[in-house]
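Visitor: here is the input, now give the coordinates:
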Amino acid sequence: MQKAVYLLLFLSFSAQAYVYSVPSMVEEIFSGRKENTPVEIVLRHNLGESNRILRENIYYGDNRIFIEWEVEGDRSSRSVASVDKDVYDFGSGGRFARSSKLFLQYFLLKDPNYFSSSLREERFVNRDQMNEFRSGYTPEGSPKTYDPKKFYVKHDDIAIKRLENGDTAIAVVGLNEGLDKRIVYFEKNVQGIRRLEWQEEGRSTAWNFENFQKMPSGGVYPRRLSLTQGGAEVIRSEVVAVRNLSKEQWDKLRQSLSRQDGNRLSSPVKSNLALLLRFR
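Guide: Next up, the predicted model:
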């Protein structure tokens, strides 16, 4: 209850003075998701120059992730990988490196604290940006007496920014060293992550998330997303469904997917897949 009161205070105050709390925003994004429930995410990826549509089913339960891919119209292309810390493992079909885990965590996790820890680990958020109030702030009694305006910490590297398409979002700049930056953008109404951006030697790679909707499974998710490099769209994707799975469904899927081996995707698709997977 106290967290909910803090969040309401944050929303009403930040609208006036642009003081944003990273923990409160992350907590709001993950609210409504059902704890301890296996989940399936279904996506379709338009792979651009290869002119192919790749269907992806992501399954998560018991801290394990399996992903199934298939080029639409080609059943023989069905391929399955398990996800480890740094790689997508296709067994005898090889491995694809991953340099970030935030994309999958954003879609699959139910715990906001775990996601916040990953934001810090990957330097999208600095530790001091997690401080909401100055030291010595210990609200007690009625919320009417809290008076948070005197104690909120305003971070210079958390502010409203305008994106290339004209939309506004709440930008949190973590790593900021010369031409290297990492920035997480929260949707302006705090419905979800709007953008994850890596700037390496001045070149930008970003996942962009749009069209946030509440799903029957619980929680709010983006329905459209894209991967861009240097401002140019490389892959355009859509979220087809977010489904909670019963224990029986998950157990059956886990046993089936664990037996799959190999990568049957064609070379042009594999090239796109390597890029798609690197930043997730």
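Visitor: from here on, just use CA atoms for contacts and neighbour counts.
Guide: Fine.
Visitor: helices of the stretch 101-250 of the chain, start to end?
Guide: Using DSSP state H, counting those that start in this stretch, the helices of the stretch 101-250 of the chain run over 102-108, 112-121, 247-258.
Visitor: list the beta-bridge partners for Ala241.
Guide: Taking DSSP bridges as the rule, Ala241 bridges to Val42.
Visitor: ranges for the strands of the stretch 51-200 of the chain?
Guide: Counting by DSSP state E, counting those that start in this stretch, the stretch 51-200 of the chain has strands at residues 53-61, 64-71, 79-83, 87-89, 95-97, 158-162, 168-177, 180-187, 193-200.
Visitor: including mean neighbour count, distance to Glu248 and mean pLDDT, could those go into JSON lines?
Guide: Formatted as JSON lines, the strands of the stretch 51-200 of the chain follow (neighbours: other C-alpha atoms under 10 Å; distance: least, C-alpha to C-alpha, whole Å; pLDDT from 0 to 100):
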{"stretch": "strand 53-61", "mean neighbour count": "20", "distance to Glu248": "12", "mean pLDDT": "96"}
{"stretch": "strand 64-71", "mean neighbour count": "19", "distance to Glu248": "15", "mean pLDDT": "96"}
{"stretch": "strand 79-83", "mean neighbour count": "22", "distance to Glu248": "20", "mean pLDDT": "96"}
{"stretch": "strand 87-89", "mean neighbour count": "21", "distance to Glu248": "25", "mean pLDDT": "95"}
{"stretch": "strand 95-97", "mean neighbour count": "18", "distance to Glu248": "29", "mean pLDDT": "92"}
{"stretch": "strand 158-162", "mean neighbour count": "16", "distance to Glu248": "44", "mean pLDDT": "91"}
{"stretch": "strand 168-177", "mean neighbour count": "19", "distance to Glu248": "40", "mean pLDDT": "95"}
{"stretch": "strand 180-187", "mean neighbour count": "22", "distance to Glu248": "36", "mean pLDDT": "97"}
{"stretch": "strand 193-200", "mean neighbour count": "21", "distance to Glu248": "31", "mean pLDDT": "97"}
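Visitor: okay if I get the ones you listed as a markdown table plus distance to Leu43?
Guide: Listed next are the strands of the stretch 51-200 of the chain as a markdown table, based on distance: least, C-alpha to C-alpha, whole Å:
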| stretch | distance to Leu43 |
| --- | --- |
| strand 53-61 | 5 |
| strand 64-71 | 10 |
| strand 79-83 | 15 |
| strand 87-89 | 17 |
| strand 95-97 | 19 |
| strand 158-162 | 27 |
| strand 168-177 | 24 |
| strand 180-187 | 21 |
| strand 193-200 | 17 |
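Visitor: out of the helices of the stretch 101-250 of the chain, which gets nearest to Gln191?
Guide: Among these, helix 102-108 comes nearest to Gln191, with 12.2 Å by C-alpha to C-alpha.
Visitor: distance between the closest one and the chain's centre?
Guide: Helix 102-108 sits 4 Å away from the centroid of its parent chain (C-alpha atoms, centre = their mean, to the nearest Å).
Visitor: for stretch 59-73, same thing?
Guide: The answer for stretch 59-73 is 16 Å, by C-alpha atoms, centre = their mean.
Visitor: just the endpoints, please. Distance across it?
Guide: 22 Å (C-alpha to C-alpha, to the nearest Å).
Visitor: give me the residues contacting that stretch.
Guide: Here stretch 59-73 makes contact (C-alpha atoms under 8 Å, 6 or more residues apart in numbering) with 37-41, 52-58, 77-83, 108, 250, 254, 257, 265.
Visitor: show me what the closest residue in space to Leu227 that isn't next to it in sequence bridges to in the sheet.
Guide: Nearest non-adjacent residue to Leu227, counting by C-alpha to C-alpha, 6 or more residues apart in numbering: Trp207, 4.7 Å away. Note on Trp207: beta-bridge partners Leu196, Leu227, judged by DSSP bridges.
Visitor: what is the burial count for Trp207?
Guide: Using other C-alpha atoms under 10 Å, Trp207 has 23 other residues around it.
Visitor: that one and Asp74, how far apart?
Guide: From Trp207 to Asp74 the distance is 27 Å (C-alpha to C-alpha).
Visitor: next: Val239.
Guide: 20 Å.
Visitor: those two: which is more packed in?
Guide: Each of Val239 and Asp74 has its neighbours counted (other C-alpha under 10 Å); Val239 has more, 16 against 10.
Visitor: perfect, I'm done here.
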